[in-house]
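# compute the structure for the input listed below.
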Amino acid sequence: MFDKADFGKIIDTHAHIGSWCADNVDFTEETILDAVCDPLEVDINGETEKNIVEYVLVSNMSGIDLNEDDTPKISENEANEEMLDVCQEHPILKALIVGQPGYGDAQNLADMIERRGDEIFGIKLHPNTLHLYANDELYEPYMQVAQDYHLPVLFHSQDDYSDPLYIYETALKFPDVPVIMAHLGMGDDQNHWYAFGILQAALKADNCNLYADVSWLSPGMIVALLLRGEPETIDRLLFGTDIPLGPYSDPETYPARISEVKSAIYEAFPEEDAEILCHKLFFQNAWNLFFDGRL
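Now for the predicted structure:
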């Protein structure tokens, strides 16, 4: 059963600090905190609801960003120490440490987890920026670290290097590791349906442990997934925004995003069902994956 006291709480599973050369930006934690630290006034089809962001899962983009010579901007250790220090100062932020397969060393992550494991809630991998196909064997040492320390792994998913099928192939080798396909195949709805098909097939086959976040999906697409998805699939969908990329450097955009997604869900489902679906998507699924038993 759900705790009604948790209704209206939010966990954002996809956020960043750091630099991103593709958009020529360099964000600090204040950009996130300005958007999420106060209770949010959310409009659900004309009805106001107060929401509270409990936690934001954050990784350091500088650790997956590249220089002009295609080398990482900073090392795994630099990126992750910086991220952990920021999260230590702001407890609403929870760290995903980044890996650099092909450039770094998974032992760096293992050593950091040994030192600061209580502060680490997952691993972030970005095949497109590192130009390394997501089914490459170089990911396996990083997945092994995730398995050894019982951590989820968030993969950027899109196409090319980050094809959801390649992510699935890597997840098959480590069936106990929760693997999250960020953006559920970033791009248009065709990409999302492709990734969703892989997610549903994997859950029916029961041969790995796939999840997805819904950052950048339209409200209509999110509703379509909730209408189409089996109950087990719905339990694997996570709210995320990619804040502060795109429009989310503007703090007014954040509650507007929550408003439009919740409004679409309440339009499509009976009120009691919509309430449960919103609670799962925005809070409970992420709590179960990242925090249950840890906080």
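# most distant residue from the centre of this structure?
No residue in the chain sits farther from the centre than Gly46, which is 28.9 Å out by CA atoms, centre = their mean.
# show me what contacts it?
Going by CB atoms under 8 Å, 6 or more residues apart in numbering, Gly46 touches no other residue. Using the backbone N, CA and C atoms, a C-beta is placed for each residue, glycine as well.
# please apply the same query to Ala15.
32, 56-59, 93, 240-244.
# neighbours of the residue lying closest to Ile113 once chain neighbours are set aside, how many?
Nearest residue to Ile113, sequence neighbours excluded (CB to CB, 6 or more residues apart in numbering): Tyr149, at 5.0 Å. Other residues near Tyr149 number 15, with proximity taken as other CB atoms under 10 Å.
# so what's Tyr149 up against?
Tyr149 neighbours (CB under 8 Å, 6+ apart): 110, 113, 117, 120.
# with Asn207 instead?
172, 175.
# returning to what we had before: which among the contacts of Tyr149 count as buried?
Among these, those classed as buried by neighbour count (16 or more other CB atoms under 10 Å) are 110, 113, 120.
# now name the helix or strand holding the first one.
The one in question is Ala110. helix 106-116 (DSSP states H and E).
# picking that back up, state the phi and psi torsions of the residue farthest from the centre of the chain.
The phi/psi pair for Gly46 (degrees, to the nearest 10) reads phi 90, psi -10.
# going along the chain, name the helices of the chain.
Along the chain, the segments classed as helices by DSSP state H run 29-36, 76-89, 106-116, 127-130, 140-149, 164-173, 189-205, 219-228, 231-234, 253-268, 271-279, 285-286.
# tell me which of the ones you listed sits nearest to Val179.
helix 164-173 (4.1 Å; CB to CB).
# what angle separates the closest one from helix 140-149?
Put simply, helix 164-173 runs at 50 degrees to helix 140-149, going by axes from the mean of the first three to the mean of the last three CA atoms, to 10 degrees.
# just the angle between helix 164-173 and helix 189-205, please?
Going by the same axes, to 10 degrees, helix 164-173 makes 20 degrees with helix 189-205.
# so which elements touch helix 164-173?
helix 140-149, strand 179-182, helix 189-205 (3 or more CB pairs under 8 Å, 6 or more residues apart in numbering; DSSP states H and E).
# what is Asp12 paired to in the beta sheet?
Beta-bridge partners for Asp12, by DSSP bridges, are Val56.
# quick one: mean pLDDT over stretch 161-179.
Across stretch 161-179, the average pLDDT comes to 98.
# what lies in contact with that stretch?
By CB under 8 Å, 6+ apart, stretch 161-179 touches 126-128, 130-135, 139-140, 143-144, 146-147, 151-153, 155-157, 181, 184-186, 194-195, 198-199, 202, 207-211, 289.
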